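S.K.: coords please:
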Amino acid sequence: MKRMRKSIIWMAAFMFCSGAVLAQKAERKNVREGNKLYETEKFTEAEIAYRKSLEVNPRSSEGTYNLGNALYKQKKFPEAAEQYQLIAGQGEKMIETPEGKARLAEIYHNVGNIGMQSKEYAKSVEAYKQSLRLNPKDDETRYNLALAQKLLQDQQNQQNEDQNQDQNEDKKEDQDKQDQQQQNQDQQQQQDDKKQDKTQEQQPQQQEQMSKDNAQQMLDAFLQDEKDTQEKVKKAQAQQQQRRRTDKEW
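M.R.: Residues are numbered from 1 along each chain as shown. Below you'll find the model as predicted:
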């Protein structure tokens with residue numbers, strides 16, 4: 001029984017090793033095929049080959065790195081950045097070898113380029129700095145860093161100008177509202193003043209009209225009294241004359 005158990009264990013180990021070897025061979029085969037396609041600028045086909053290598057071994061750093069490059073060449077920048085971030089997560093292990101250190105520097109360089117494409121200049125500046133820390137002699141990265149810093153400064157200046165302009169526009173809008181309110185108040189005040197002036201003008205006219213009417217009434221009453229008085233006088237004179245005539249006749 002013990003011999004049988006040992007045989008089963010050795011057989012399982014052999015099958016596991018054989019499967020791992022076959023998987024490794026399949027991974028390398030797909031990577032080599034992807035590299036050939038990449039060199040002939042068939043980046044879409046290269047992407048497919050690299051993805052096949054990752055199906056066999058999802059932790060393949062070479063497959064991941066090359067897939068990121070194939071995506072980068074196709075301008076699939078967000079997808080490429082995702083693959084580069086996966087590789088950058090292994091940075092501590094990669095910097096242990098010159099080859100890994102150089103590859104990590106290239107990764108950060110490409111990440112910086114992706115940031116430039118999306119105008120995320122702050123990310124680009126940081127990525128280029130990381131790349132130069134790993135490879136200080138890379139003049140292209142140094143030039144890109146200077147350009148990214150200049151573009152970042154311009155972007156920040158433009159943002160400040162836009163912010164100031166927005167603030168000025170807001171102030172102008174508030175001032176316009178205040179001016180309009182003041183204008184409305186002035187117009188209302190003018191209308192109220194006109195109404196008040198008209199009322200004040202009407203009052204003397206009414207008073208003057210009333211005074212004229214009263215005077216006319218008084219005059220008419222006086223004339224009527226005068227007329228009545230004259231009629232009474234005439235009537236009295238007539239009666240007196242009538243008496244005199246009567247007296248003479250007697």
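S.K.: so where's this protein uncertain?
M.R.: The chain contains residues with pLDDT under 70 at 1-23, 197-212, 215, 219, 222, 233, 242-250.
S.K.: and if we set it to 50?
M.R.: Applying pLDDT under 50 to the chain flags residues 6, 9-19, 248-250.
S.K.: ranges for the helices of it?
M.R.: All helices of the chain, identified by DSSP state H, fall at 2-39, 43-56, 61-73, 77-88, 91-94, 98-117, 121-134, 139-249.
S.K.: Run through the neighbouring helices and strands of the shortest one.
M.R.: Counting contacts by 3 or more C-beta pairs under 8 Å, 6 or more residues apart in numbering; DSSP states H and E, helix 91-94 is packed against helix 98-117. Every C-beta, even on glycine, is put in place using the N, C-alpha and C of the backbone.
S.K.: Could you check the angle the helix it packs on makes with helix 121-134?
M.R.: Orientation check (axes from the mean of the first three to the mean of the last three C-alpha atoms, to 10 degrees): helix 98-117 against helix 121-134 gives 160 degrees.
S.K.: Extract the CA atoms of helix 98-117 and return them as PDB.
M.R.: Taking Å, rounded to 0.1, in the frame of the first residue of the first chain, the C-alpha atoms of helix 98-117 are listed here in PDB:
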ATOM      1  CA  PRO A  98      19.600  45.500 -15.100                       C
ATOM      2  CA  GLU A  99      17.200  44.100 -17.700                       C
ATOM      3  CA  GLY A 100      14.200  44.500 -15.400                       C
ATOM      4  CA  LYS A 101      15.300  48.000 -14.400                       C
ATOM      5  CA  ALA A 102      15.600  49.100 -18.000                       C
ATOM      6  CA  ARG A 103      12.200  47.600 -18.800                       C
ATOM      7  CA  LEU A 104      10.600  49.400 -15.900                       C
ATOM      8  CA  ALA A 105      12.100  52.700 -17.000                       C
ATOM      9  CA  GLU A 106      10.600  52.200 -20.500                       C
ATOM     10  CA  ILE A 107       7.200  51.400 -18.800                       C
ATOM     11  CA  TYR A 108       7.200  54.700 -16.900                       C
ATOM     12  CA  HIS A 109       8.400  56.500 -20.100                       C
ATOM     13  CA  ASN A 110       5.300  55.100 -22.000                       C
ATOM     14  CA  VAL A 111       3.000  56.000 -19.100                       C
ATOM     15  CA  GLY A 112       4.300  59.500 -19.300                       C
ATOM     16  CA  ASN A 113       3.600  59.600 -23.000                       C
ATOM     17  CA  ILE A 114       0.000  58.300 -22.400                       C
ATOM     18  CA  GLY A 115      -0.500  61.200 -19.900                       C
ATOM     19  CA  MET A 116       0.700  63.600 -22.600                       C
ATOM     20  CA  GLN A 117      -1.900  62.200 -25.000                       C
END
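S.K.: Great, nothing more from me.
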